[in-house]
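>>> here is the input, now give the coordinates:
(chains A and B)
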Amino acid sequence: NAGVTQTPKFQVLKTGQSMTLQCAQDMNHNSMYWYRQDPGMGLRLIYYSASEGTTDKGEVPNGYNVSRLNKREFSLRLESAAPSQTSVYFCASSEGVSSPLHFGNGTRLTVT
Amino acid sequence: QQQVKQSPQSLIVQKGGISIINCAYENTAFDYFPWYQQFPGKGPALLIAIRPDVSEKKEGRFTISFNKSAKQFSLHIMDSQPGDSATYFCAARYSGAGSYQLTFGKGTKLSVIP
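Here you go, the predicted structure:
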């Protein structure tokens, strides 16, 4: 009963490097989301995918791209990492856009 | 900009006491108000949620009180236990104009001391 699985759990990047955060869910959910969590800032939505084949910007999309690879997988890409992108990234899924969110356990990213 | 303001930032409560966390919102179109609980190293998990057509919802020791006219809602944890020590986030969502995004408060770190 895995739920939402995120990889990797930890990552350190140098400024300018690129990487892709992976997320997969096994609950047959239609909607998937990427959030970032920073101290004292709560959770802020980066991008979401209401259904397979669609993606939309959230509150803080600059510097990120996403791909809804299939119904199960939703990846987040940083093309040129910046120190301001140091954060904990959470992937979430829901049955539909108006359903409760189920979160993964996060990826802790440090950009030096 | 849609905002949800949460207070306090941190809260220390003795075991058996009542923990109260408050949230205020601005957008009267919000129609769903969940609370999430997050333990260290884990993702947030839905704790309890309410819609604006009711003023209170109770699940076990957790109660949401909702005041539509004041645009405020709060989480009450009765008989608080050390295992309740976590960060709590309130959130709000409106289902208009094709947008279903949750807006989160900044979180409250609750510590329940024995």
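>>> return the residues in contact with the residue nearest to B:Lys58 when sequence neighbours are not counted.
Closest residue to B:Lys58 apart from its sequence neighbours, by CB to CB, 6 or more residues apart in numbering or on different chains: B:Ile64 at 8.0 Å. (Glycine included, C-beta is placed from N, CA and C.) By CB atoms under 8 Å, 6 or more residues apart in numbering or on different chains, the contact set of B:Ile64 is B:Phe33, B:Trp35, B:Ile48, B:Ala49, B:Ile50, B:Glu56, B:Lys57, B:Lys58, B:Phe73, B:Ser74, B:Leu75, B:His76.
>>> so the first one is in which element?
Applying DSSP states H and E as the criterion places B:Phe33 in strand B:33-38.
>>> ditto for the fourth one
Take DSSP H and E as the rule and B:Ala49 turns out to sit in strand B:45-50.
>>> give me the residue from chain B nearest chain A.
B:Gly43 (3.1 Å; CB to the nearest CB).
>>> which bits of chain B sit near chain A?
By CB under 8 Å from any CB of the partner chain, the residues of chain B that approach chain A are B:6, B:9, B:32, B:34, B:36, B:41-46, B:49, B:89, B:93, B:95, B:100-102, B:104-107.
>>> now do 10 Å
Residues of chain B lying close to chain A (CB under 10 Å from any CB of the partner chain) are B:1-2, B:4, B:6, B:9, B:31-32, B:34, B:36, B:38-39, B:41-46, B:49, B:87, B:89-91, B:93, B:95, B:98-107.
>>> ok, and what's touching the helix or strand hosting A:Phe74?
A:Phe74 is part of strand A:74-78, with elements assigned from DSSP H and E. Identification of contacts with strand A:74-78 by CB atoms under 10 Å, 6 or more residues apart in numbering or on different chains yields A:4, A:6, A:11, A:13, A:17-25, A:31-36, A:46-49, A:52, A:55, A:63-69, A:85, A:89, A:91-93, A:107, A:109, A:111.
>>> what does the one residue in chain A that gets nearest to chain B show for phi and psi?
Residue nearest to chain B within chain A: A:Phe103 (3.1 Å; CB to the nearest CB). Dihedral pair for A:Phe103: phi -100, psi 150, per degrees, to the nearest 10.
>>> now for chain B, the helix or strand with the poorest mean pLDDT.
Lowest mean confidence among the helices and strands of chain B (mean pLDDT, DSSP states H and E): strand B:102-104, at a mean of 91.
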